[in-house]
Every structure is written in structure tokens, then in C-alpha cells.
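[1] Give me coordinates for this.
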Amino acid sequence: MKRPSADGLGWLCALVLSLVTVAVMAFEWYLVSVVNTDPLWDLAVYRGAVTQWLHGGDVYDYRLMYPTRIGGFPFTYPPFAALLLVPTAWVPVAVLDSLWTLATLALMAAMAAFLVFRAPRTSRTWLGTTPKPTRLICFSAAATISLLLTLPGVNNLALGQVSFAVAAMLLVDIGGGVSSRFRGALSGLAAAIKLTPLIAVPYFMITRQWRAAILSASVFAVATAAAFVVNWRGSVGFWTAWIFDVTRVGDPATVQNKSILGMLARLGIEGPPRTSYWLLMASVAGIAGLINARRQYVAGQPVAAVLIVGAAAVAISPVSWPHHQVWAVLIAIWLLLFRNPGFMVLGAALLLMNIVGSPLIGQEIIPVGLDDPLILRLGRELPTLSFVAVCLLGLPLRALGETRSWPRRTTVGA
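    Purely as a prediction, here's the structure:
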């Protein structure tokens, strides 16, 4: 009997993994859209706040009531986000939830594929110097499955969050998916929806991508100005009051908040000292992250650069919920693409740390308590410390020797 060719086995593997990916996506859509009887809470907040605004109310006065949340869930994003979310008020809830979930699943697959297709082309990665289409499909499918099984992915689906869309814009914009002529526009738009992508502006500046820095800041400014024109009252309220109220988005000490501020809050540091420590530590982490991201950019690795920028955004933000922490999963996938045993161990550890049910993330699994054993309290901070470590140490991809990713080696100042 004739043995199947290597190409035949490759296509068979690609087909099987693709079918498994589709099956997992269909199962998660079924759980969220059919089995789940609760609303997609964050999407319900978007819809409710926008509906109230369209009927003459203030978008920031809206509260979605929940039994365990005193005062309910408010709308916390910049006014431009409310402007973009207006169509959610025109679609029936069941249809909106289903379509939103399908779009999020597709976005996850696209982000995973983007990461794989733009990985360095070198013999030291599992993709090799000239990967065959079957290998790219297999690794893209595996990366998508990994993303689907992690808490950031599941949390985003269960809440109907917009975080993955924002992360995708940053990933594509900084990661080399946009030509230099339009680079910065997506980051500016993302920052107008959620503020953390503003970190792209200093990144573009430190890498001397002046056109991108100006475009990013300009798009953000224009979008914000448009929101002022359409919703003056809400814009004034947000930029003069609500933006400074950290507790509006939840208790920073909550276990699921893996930012530096959240770590300090869980350690029992309160008041002005906590603010001072946070500003100092966030500044150090942010500056170090930008410097390490610049090194990757100069080395021709824009995707590695954006992963570090994303990690910095999570670390320095006052509140970073699980759906913000997708950058940890993307970094894990990136490390697992390399044959280096050390990188693979780090990638596997980071991926397992973020898998659904991980005791290091889930609020329901490990309660907050200053009387807990020290080792338990420190263990809860491993995800936060991993983001800080990426900022301070960068990603070890330059040690792999001469590599390239698409687009080809980038010139500083382009």
C-alpha cells in the first residue's frame, strides 16, 4: 500500500485542526447564545446606556442593576464609544447577542492567524523559513483554540465585551498590518473607544514614527471632538469627572484586576501611598516597556513590539479585567512558536496561567483576603508580575539570530 505523501498528511492535519477549531467556536457560540439565560452584561450596559442617551438621558447616568453589584453597572467608556455603539440600540437583544458573539469568535481567529502569519521566518521556529500553507493553517488553528480556551477569551464572549476589537486594532496597527501611510489611525480610533491604546502615541514617538504618532493623536482628537459635538453633556461629564473615578469600573482590589494598582490594593496598601507607589511603578514599567518595544521594532519585529506595548497597557492601567489580558495569551502563543525549550516552557506556563479555571485569575476560586498565606497571596500576583516582567525584560526574540517577519525589516523613522 502506498504511503500518504507529506503534503497529503499536512492537508489532513490542517483539515482536522480547522474542523476542531470550528467545532469549539460553534460550541462556545451555543453556550453563550443558546444555553446562557443571562444577558451579556457589558453588551447590555452598552445597549442600555445608548438607548437612554437616545431618549434624552445622560449615558453616564445609566445603571444596569445586578444583585451583587451595589449601584449597578455604569457605562465607563469615553463618549465616542457611545457614539459608535448607537446601532446596538436598534437591534433586538437576542439578535444582537448572537451576532456580537459570532463577530467576536471571528475576531479571535483573525488575531491568532495574524500572529502566526507574521511570526519570524527562521529555522528556529516551528514554522521554518518558508512555511507551507498547511503548516500556517495548523498553527493558526491551534492558536485560535488556545485563545478560545483561556479566560480572556471566554470572559470577552460571556460579557459581550469590546476589548478584543480594541486589542485587534492595536495589534494590526503597531504589528505591521497597516502601511506606513495609514499607520496610527487604528490606534487613535481604539484610544477614542478605550483610553489605554493611547500608549501607541509614545510608542510611535520613541520609535521615531512621527507620521504615525501625529496621525494617531489626530484621529483620537477628531473622534473626541466629534463626541463633544454630538454629546456635549456626556463629554463634559466624562472628561471632567468620571475619568478620574477609578472605583466606577469596580473595586481595584478584585482578584481579576491584574494591573499594578490592583496588586497594590490586594497587598493592603491604601490612600495616597498606594497612588504614589502606583504612579512610580507604572512609570517604570511603562518606560521600560516602550524601550524594549523599540528594540524589537529596530530589529524588524513589529509584532513582538506590539505584544510588549500591550503588556505595558495592561500593567499600567488602573483596572485590567480578564478580557483586557488577551495580551498574555498572545505572548504565550508567540513564545510557543519557537523551538527554544526555554521559550516553550515560558509560553506554556503563561498559557496555563490564563486557561479557564486557573486559580491565579478566577475571582470565584480564590477570594481576596489579607489573612491568606503569603505564598497564596503572591501566587495570585503572578499574572500581574508576568506583565511587569515583559515590560522590564522584553521578549527574548532578538537572541534567535537573524530573523525577519512581514513586512520586511522596518527602518526607524518610516
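[2] Tell me the predicted confidence for A26.
    As predicted, A26 sits at a pLDDT of 94.
[3] which stretches of the stretch 251-400 of the chain form helices?
    Listed in chain order, the helices of the stretch 251-400 of the chain (DSSP state H, counting those that start in this stretch) span residues 260-266, 271-298, 302-316, 326-336, 341-353, 374-380, 382-393.
[4] helices or strands up against the third one?
    Using 3 or more Cβ pairs under 8 Å, 6 or more residues apart in numbering; DSSP states H and E as the contact criterion, the elements in contact with helix 302-316 are helix 163-174, helix 200-206, helix 271-298, helix 326-336, helix 382-393. All C-beta spots, glycine's among them, are computed from the backbone N, C-alpha and C.
[5] Surely Y77 is in contact with K194?
    Yes. Under the criterion of Cβ atoms under 8 Å, Y77 is in contact with K194, at a separation of 6.1 Å.
[6] Give the intersection of the neighbour lists for those two.
    Taking Cβ atoms under 8 Å, 6 or more residues apart in numbering as the criterion, Y77 and K194 both touch V162.
[7] Can you tell me which of the helices of the stretch 251-400 of the chain is most buried?
    The highest mean neighbour count among those belongs to helix 302-316 (a mean of 28), with neighbours defined as mean count of other Cβ atoms under 10 Å.
[8] That one versus helix 326-336: what angle between them?
    140 degrees (axes from the mean of the first three to the mean of the last three Cα atoms, to 10 degrees).
[9] What average pLDDT does helix 302-316 get?
    Averaged over helix 302-316, pLDDT sits at 96.
[10] What of stretch 30-43?
    Stretch 30-43 comes out at a mean pLDDT of 86.
[11] So what touches that stretch?
    For stretch 30-43, using Cβ under 8 Å, 6+ apart, the contacting residues are 64, 66, 73, 88, 93, 96-98, 100-101, 157-162.
[12] again, only this time at 7 Å
    L64, F73, L96, D97, S98, W100, T101, L157, A158, L159, G160, Q161 (Cβ atoms under 7 Å, 6 or more residues apart in numbering).
[13] With neighbour count and secondary structure as extra columns, can I get these in JSON lines?
    What follows is these, written out as JSON lines (neighbours: other Cβ atoms under 10 Å; DSSP: H, G, I helix; E, B strand; the rest coil):
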{"residue": "L64", "neighbour count": "18", "secondary structure": "strand"}
{"residue": "F73", "neighbour count": "20", "secondary structure": "strand"}
{"residue": "L96", "neighbour count": "20", "secondary structure": "helix"}
{"residue": "D97", "neighbour count": "20", "secondary structure": "helix"}
{"residue": "S98", "neighbour count": "16", "secondary structure": "helix"}
{"residue": "W100", "neighbour count": "22", "secondary structure": "helix"}
{"residue": "T101", "neighbour count": "24", "secondary structure": "helix"}
{"residue": "L157", "neighbour count": "25", "secondary structure": "helix"}
{"residue": "A158", "neighbour count": "20", "secondary structure": "helix"}
{"residue": "L159", "neighbour count": "20", "secondary structure": "helix"}
{"residue": "G160", "neighbour count": "23", "secondary structure": "coil"}
{"residue": "Q161", "neighbour count": "23", "secondary structure": "coil"}
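[14] Between those residues, which sits nearest V22?
    Of all these, T101 has the smallest distance to V22: 14.5 Å, by Cβ to Cβ.
[15] Spatially nearest residue to the closest one (excluding sequence neighbours)?
    Here the nearest residue to T101 in space, its sequence neighbours aside, is V32; by Cβ to Cβ, 6 or more residues apart in numbering that works out to 4.9 Å.
[16] what are the phi and psi angles of the one you found?
    With angles defined as degrees, to the nearest 10, V32 shows backbone torsions of phi -80, psi -40.
[17] where does it sit relative to D251, distance-wise?
    26 Å (Cβ to Cβ, to the nearest Å).
[18] So for those two, which residue has more residues nearby?
    Relative neighbour count places V32 above the other of V32 and D251, with 23 against 12, counting by other Cβ atoms under 10 Å.
[19] what two of the contacts of stretch 30-43 are the furthest from one another?
    Farthest pair in the contacts of stretch 30-43, by Cβ to Cβ: F73 and S98, 21.4 Å.
[20] Need the helices and strands packed on helix 302-316 in TSV (columns: mean pLDDT and distance to A23).
    Supplementary listing: the helices and strands packed on helix 302-316 in TSV, determined by pLDDT from 0 to 100; distance: least, Cβ to Cβ, whole Å:
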stretch	mean pLDDT	distance to A23
helix 163-174	96	20
helix 200-206	97	36
helix 271-298	94	35
helix 326-336	95	20
helix 382-393	93	29
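[21] S317: which of those helices is closest?
    helix 271-298 (8.5 Å).
[22] just checking, what packs against that closest one?
    In this structure, helix 271-298 makes packing contacts with helix 200-206, helix 260-266, helix 302-316, helix 382-393, judged by 3 or more Cβ pairs under 7 Å, 6 or more residues apart in numbering; DSSP states H and E.
[23] low-confidence ranges in the protein?
    Along the chain, the parts satisfying pLDDT under 70 run over 1-6, 67-71, 357-377, 397-414.
[24] can you rerun that using 50?
    Applying pLDDT under 50 to the chain flags the ranges 362-367, 399, 402-414.
[25] just checking, R135 touches L127?
    Yes. Because the distance of 6.1 Å satisfies Cβ atoms under 7 Å, R135 is recorded as touching L127.
[26] Which of these two has more residues huddled nearby?
    Looking at R135 and L127 with other Cβ under 10 Å, you find the greater number of neighbours at L127, namely 22 against 17.
[27] wait, doesn't that one sit right on I137?
    No. Taking Cβ under 7 Å as the contact criterion, L127 and I137 are not neighbours in contact, 11.4 Å apart.
[28] where's V222 relative to S33, distance?
    With distances taken as Cβ to Cβ, V222 is found 36 Å from S33.
[29] My error: substitute F139 in the last question.
    As for F139, its distance to S33 is 28 Å (criterion: Cβ to Cβ).
[30] Kindly report the same for W41.
    Here W41 is placed at a distance of 15 Å from S33 (Cβ to Cβ).
[31] Kindly report the same for Y66.
    Applying Cβ to Cβ, one obtains 20 Å for the distance of Y66 from S33.
[32] next one: L17
    Between L17 and S33 the distance is 24 Å, computed by Cβ to Cβ.
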